[in-house]
Each structure stands twice: as structure tokens, then as C-alpha cells.
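Visitor: missing the sequence, but the structure's below:
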């Protein structure tokens with residue numbers, strides 16, 4: 001699959017080109033930079049606007065084969081001569097800020113401090129490095145101001161995690177390697193880490209994690225908790241535990257559909273189907289420990305879905321015992337992954353029936369009752 005280039009690479013390339021045209025006085029239609037990964041990025045420049053005091057230009061984002069919502073948008077850089085009003089000092093010759101369509105950080109725990117433009121530290125390093133190389137080329141000793149902006153950023157930001165993270169007004173300028181790898185697992189892991197880090201920065205010591213938003217209504221009705229407030233860990237169950245330990249959380253609560261979390265009852269820590277899929281085998285083994293007859297075990301193994309397996313267990317009068325066993329095993333394996341450094345609890349739910357979109361609780365681990373107060377507090381409106 002075709003790789004692409006990050007918004008950070010686009011911003012750095014546009015900034016380098018604008019600085020070159022400002023200091024050199026000559027129009028430039030192509031620019032080349034080297035990404036942190038060592039890959040050369042050569043790109044065409046668009047929408048060039050030159051004046052004696054400032055130059056702006058844009059680079060079109062190319063995400064390759066990755067389904068990135070910023071693919072094809074223009075990332076602009078405007079480079080101008082800086083003065084004291086811009087914050088120019090002897091020690092900071094390149095002043096970087098965000099303009100229209102670039103988000104502003106409003107909560108602690110992110111890559112940038114509250115009030116700063118959401119231009120992460122690696123893209124900032126890239127921008128600074130490229131602009132400084134142009135300054136050396138033209139022997140420019142003064143300060144320059146680099147303003148990064150993306151006219152479509154505010155519209156697109158609603159489709160990103162930024163509103164959840166407290167980044168308001170636009171997209172973030174991101175990237176650690178400068179390269180976009182299609183369907184990057186690392187990008188998902190980075191997002192989980194950012195959200196967990198932010199919770200810790202806000203002083204939270206317990207955190208709710210969920211693979212996704214299944215069961216929103218169930219969690220609201222049963223526990224008074226808005227599941228959308230949970231950190232979404234996707235399939236990375238074990239990696240999320242590792243991050244929680246690293247960041248110093250003391251307890252985590254996983255809440256999710258039986259079809260995903262039942263795998264954890266077998267010690268599986270990445271629940272993607274290509275990594276492992278023995279849901280029915282685990283349910284069959286658990287049913288066997290509760291004394292299920294051979295015909296029931298055979299039916300579970302032949303079930304098309306975990307939802308069907310739950311129905312079979314209910315008909316056999318074994319569902320409550322099997323699910324309680326599953327919940328305790330999930331808690332056990334999560335705490336084993338954590339090395340005993342934090343408490344891990346879980347809530348399992350499933351659809352009420354095949355024709356009903358609602359959900360019902362199947363089981364919860366023994367420690368969940370201690371979460372009731374925390375869940376209720378999270379449900380209260382923040383003032």
C-alpha cells in the first residue's frame with residue numbers, strides 16, 4: 001500500500017518554501033525536505049502569495065492509501081519577519097504559531113501546553129529545522145515568524161478526536177516520522193496514550209476503557225455513565241493496561257460487548273480477529289466447567305455468533321454462572337498483565353435479543369461495585 005506524508009511534513013515543507021521565497025526573493029514552485037524517518041518528501045507548492053514582508057504558500061496533503069480525513073487538504077505556511085511583539089528573542093529566532101483551522105489546546109496533558117497551537121513537538125522541530133536551514137543559506141541573522149494554517153481544518157476537526165481531547169477550533173499538526181503508514185496501528189496506540197496521559201494530568205487515578213461505543217444506552221440506563229467519556233482502546237486491551245501502569249493509574253474498568261471481551265477471559269490481549277478468535281472455544285470451555293451437557297457444548301461450538309451462544313446458555317440455565325466466571329477471569333488476566341500494579345475490573349453486556357438494539361448486563365467483576373460512585377460522579381455535568 002502507498003504511504004503518505006503527515007500534516008507535519010506538509011507544514012515543514014510549506015514553511016521552508018515560504019522562507020526561501022521571502023529571503024531569496026524568487027518564486028519557488030517545488031520544495032524538498034527530508035522527514036525524520038529519512039524519507040525524502042518532494043512536493044509541488046500551491047497558492048503562492050509573495051510580498052516584501054511576508055510569503056505564504058500551501059502543500060496539498062497526500063495520505064497515500066490511508067483513509068485520513070485530511071487527505072487532499074491544503075496546509076499553509078506564512079513566513080514573515082518577526083519582532084518583539086511576535087515574541088522574538090535572541091534565543092528564539094523561529095517563532096511558530098497556528099492560525100485559521102489549527103486547533104488550540106484547552107486541557108492539560110497533551111503534547112503542547114494549554115493555550116498553544118496544536119502543532120506537536122516533532123512537527124515544530126521539523127519546521128524550525130527547515131526554516132533555519134534557509135536562514136543559513138541566505139545568512140539571515142534575524143527572527144522569522146511561521147504561521148501554520150489550514151482553511152478546511154475547523155470543519156474537519158469535528159470528525160477527529162480533537163473535541164474529546166479539548167483541542168478547539170481546528171485540526172492538529174501531527175506526525176513523529178513524517179510518514180503516514182496506511183491503517184497505522186501506531187496511530188491508534190498514540191491516540192490511546194494521549195487520552196490516558198491527559199486523564200492523569202487532570203489528576204484522575206481511575207479510568208474507564210472501552211473497545212468502542214457499543215452499549216451507550218445500556219451504560220447510561222444501568223450505571224448512569226456516558227460511555228463516550230471512556231477512553232476508546234479499540235482492540236489494544238493489553239497495550240492499554242501497559243500504558244495505564246506506566247502512567248500511574250491505580251484502577252481501570254473495562255466495559256464492553258461479550259463478543260470482544262470474552263477473548264480476554266482466555267488471556268488474549270489483542271482482540272482483533274486476525275490476532276486471535278477463539279470466542280466460542282472459550283465460552284464452550286467455561287460452560288463445561290459449569291457442567292453443561294455435551295449437546296449444549298456442541299451447540300455453543302457451532303454457534304454463528306457470541307450472541308447466539310449467550311442465547312444457548314440462557315436456554316440451558318447456565319448463562320449467569322458462565323458469565324460471572326468469564327468476568328472474574330477477565331479481571332484476573334488484566335491484573336496479571338498489569339503485574340499486580342493496578343486493579344482491573346470489567347462489565348460485560350450483550351444485545352437483549354436478536355431483534356432488539358438494546359443491551360443488557362451479563363456480568364460484572366467483583367470489584368465493580370466500588371466503581372458505582374465514580375461512574376455517578378462522571379455522569380454529573382461539569383461546571
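Guide: Sure thing, it's come through. Predicted model only: the values in this text are computed from it and were never measured.
Visitor: what comes up buried for stretch 108-115?
Guide: Residues of stretch 108-115 classed as buried by neighbour count (16 or more other C-beta atoms under 10 Å): 109, 110, 111, 112. The way it works is simple: take the backbone N, C-alpha and C, and place the C-beta from them, glycine included.
Visitor: can you check stretch 306-322 too?
Guide: So, applying 16+ other C-beta under 10 Å, buried residues of stretch 306-322: 306, 307, 309, 310, 311, 312, 313, 316, 318, 319, 321, 322.
Visitor: okay if I get these as a markdown table plus secondary structure?
Guide: What follows is these, written out as a markdown table (DSSP: H, G, I helix; E, B strand; the rest coil):
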| residue | secondary structure |
| --- | --- |
| 306 | helix |
| 307 | helix |
| 309 | helix |
| 310 | helix |
| 311 | helix |
| 312 | helix |
| 313 | helix |
| 316 | coil |
| 318 | coil |
| 319 | helix |
| 321 | helix |
| 322 | helix |
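Visitor: among those, which pair sits farthest apart?
Guide: For the buried residues of stretch 306-322, the maximum inter-member distance is 18.5 Å, found between 307 and 321 (C-beta to C-beta).
Visitor: quick one, what contacts the closest residue to residue 267 other than its chain neighbours?
Guide: Nearest-residue entry for residue 267: residue 333, 4.8 Å, with adjacent residues in sequence omitted and distances by C-beta to C-beta, 6 or more residues apart in numbering. Residues in contact with residue 333 (C-beta atoms under 8 Å, 6 or more residues apart in numbering) are 264, 265, 266, 267, 269.
Visitor: what does residue 326 give?
Guide: Residue 326 neighbours (C-beta under 8 Å, 6+ apart): 258, 262, 265, 282, 283, 286, 348, 362, 363.
Visitor: let's verify it: helix, strand, or coil?
Guide: Per three-state DSSP, residue 326 ends up helix.
Visitor: would you mind measuring from it to residue 60?
Guide: 50 Å (C-beta to C-beta, to the nearest Å).
Visitor: pretty sure residue 363 contacts residue 313?
Guide: No. Here residue 363 lies out of contact with residue 313, judged by C-beta atoms under 8 Å, at a distance of 11.4 Å.
Visitor: what's the helix or strand for residue 252?
Guide: Using DSSP states H and E, residue 252 maps to strand 251-257.
Visitor: now swap in residue 41 and tell me
Guide: Using DSSP H and E, residue 41 maps to strand 40-44.
Visitor: so what touches that strand?
Guide: In contact with strand 40-44 (C-beta under 8 Å, 6+ apart) are residues 5, 9-10, 13, 29-35, 59-60, 62, 178.
Visitor: how about 7 Å then?
Guide: Under the criterion C-beta atoms under 7 Å, 6 or more residues apart in numbering, residues 5, 9, 13, 29, 30, 31, 32, 33, 34, 35, 59, 178 lie in contact with strand 40-44.
Visitor: can I assume the third one sits in a strand?
Guide: No. The assignment for residue 13 by three-state DSSP gives helix, which leaves it out of any strand.
Visitor: for it, what are its contacts?
Guide: By C-beta under 7 Å, 6+ apart, the contact set of residue 13 is 31, 33, 41, 43, 59.
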